[in-house]
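Enquirer: Turn this into a model:
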Amino acid sequence: MPAHFYVYVGLSSAGNYEKGKAKGIWGWTSSVLDGGNGAESRSNRDVARTIRTGDYLIFGFYVPGGPRAKNHQEFFNGTLTEATVTRVVRPLYESAAEVWTDKLYPERIDLEVLDTFAQVSGRQLGLPAMHALRMSGNKQGAPVGGGPPAATALASAAENQTGDSVDFEGDLDALTAALRRREQRRLRKMKFGTQAIIRCDLCGRDLPARLVTAAHIKRRADATRNERLDMNNIMAACLLGCDALFENGHVHVDSGGKIRVAAGVAGDLLAAVHHLAGRRCTAYDKQSRPYFEAHASRFVQKRVDTAWQQADWDVSTNPAATERPSAPGQLSPRGSL
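Expert: Sure thing, here's the model as predicted:
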């Protein structure tokens, strides 16, 4: 079961907050994590080290009056300008790579930004969450563990933002799943509009819209929030095999926009993919190329930028992989599509 951690971000750190969301990363100075633990038994660094992959890290951005208000009820009853829910994809590590311009913040955590909610009521979010955010604010933004937030408060904020209902029952995990469904609806509307028939960018078949998904080219978990919403990172992939074959790396797209079958694919799996080999992916262009490169780099050993036109990108060591039917619907000698 994932744990919940909180970070309060003040108005003066708005730029760093936006950059962190865009890049899917957060950081602290070593002095903040090395800070005293006061009356608590654990230091800030001890808390940061307990954050694991899959845990939630929830950011509360700016409550008027701030967490240091003498009357703590003012903070608990205040309204967060934003609450951003993230999931940890890489726990605490050190890096000197430049992300922010004011300081280095070398103590870092990589995140998947799940969603951002505007104008979240502290009273509705719940006392455990607001208490943790207040403690974080009084510790210069150090992470603080706490109980789960009231997911209904976040759902209410999401509905107020877009007018699009969030249908879920349960905790933050259930809300996360509901938000992903909502994101898929949003992406489909932006990419496909009201089309009843959609052409798969991989196999080229024209299929009913219900059989085609708006698929991320660069894996969603690896993409920043901006990349997840970039239409250049979305392609039409049918649910008759293409979506799963691409997602699992059994096929990828080379630097010329052609579909290649992964080396080592054989047997019935090869029979299932050979009709894609050598086809041009209709989603490939100058804008989408970086996303296809990111996808391919997960499954091809050599560096993509130096290997895209080399032998490692050949369809397969099995010559049968290069022999495909003239049309997607033509049966192979084995009777497979």
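
Enquirer: Next up, phi/psi of Val62, please.
Expert: Residue 62: Tyr, not Val. Backbone torsions for Tyr62, taken as degrees, to the nearest 10, come to phi 50, psi 110.

Enquirer: Go ahead and confirm it touches Phe75.
Expert: No: the pair Tyr62 / Phe75 is not scored as a contact, 11.3 Å apart, by C-beta atoms under 8 Å. Yep, even glycine has a C-beta here, placed from its N, CA and C like the rest.

Enquirer: Spit out the contact partners of the nearest residue to Phe61 once chain neighbours are set aside.
Expert: Sequence neighbours aside, Glu82 is the residue nearest to Phe61 in space, at 4.2 Å (criterion: C-beta to C-beta, 6 or more residues apart in numbering). Applying C-beta atoms under 8 Å, 6 or more residues apart in numbering, we find Glu82 in contact with Phe59, Gly60, Phe61, Tyr62, Thr116, Phe117, Ala118, Gln119, Val120.

Enquirer: Now do the strands in the stretch 1-150 of the chain.
Expert: With DSSP state E, counting those that start in this stretch as the criterion, the stretch 1-150 of the chain has strands at 4-9, 25-28, 56-61, 79-94, 107-121, 144-146.

Enquirer: Now render the ones you listed as JSON lines, adding mean pLDDT and distance to Ser288.
Expert: Formatted as JSON lines, these follow (pLDDT from 0 to 100; distance: least, C-beta to C-beta, whole Å):
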{"stretch": "strand 4-9", "mean pLDDT": "97", "distance to Ser288": "33"}
{"stretch": "strand 25-28", "mean pLDDT": "97", "distance to Ser288": "24"}
{"stretch": "strand 56-61", "mean pLDDT": "96", "distance to Ser288": "30"}
{"stretch": "strand 79-94", "mean pLDDT": "95", "distance to Ser288": "23"}
{"stretch": "strand 107-121", "mean pLDDT": "90", "distance to Ser288": "21"}
{"stretch": "strand 144-146", "mean pLDDT": "95", "distance to Ser288": "40"}
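
Enquirer: ok, what's across the strand from Val120?
Expert: Beta bridges link Val120 to Leu80, judged by DSSP bridges.

Enquirer: What's the separation between the residue nearest to Phe61 and Ala158?
Expert: 12 Å (C-beta to C-beta, to the nearest Å).

Enquirer: Mutual contacts of the two, please.
Expert: Shared contacts of Glu82 and Ala158 (C-beta under 8 Å, 6+ apart): Phe117.

Enquirer: how near is the residue nearest to Phe61 to Asp268?
Expert: Per C-beta to C-beta, Glu82 is found 49 Å from Asp268.

Enquirer: what's the pLDDT at the residue lying closest to Ala151 once chain neighbours are set aside?
Expert: Excluding the flanking residues, the one nearest Ala151 by C-beta to C-beta, 6+ apart is Leu175, at 4.2 Å. We have a pLDDT of 80 for Leu175.

Enquirer: Backbone dihedrals for Leu175, please?
Expert: Dihedral pair for Leu175: phi -70, psi -40, per degrees, to the nearest 10.

Enquirer: Quick one: the helices in the stretch 101-250 of the chain, in order.
Expert: Ranges of helices in the stretch 101-250 of the chain, per DSSP state H, counting those that start in this stretch, are 122-125, 127-137, 151-162, 172-192, 225-228, 242-247.

Enquirer: Partner strands of the helix or strand that comes right after the last one and their direction?
Expert: The element immediately downstream of helix 242-247 (helix or strand, assigned by DSSP states H and E) is strand 251-253. According to DSSP bridges, strand 251-253 forms sheet pairs with strand 259-261 (antiparallel).

Enquirer: Toward the C-terminus from the partner strand, list the very next helix or strand.
Expert: Toward the C-terminus, strand 259-261 is succeeded by helix 267-273 as the next helix or strand (DSSP H and E).
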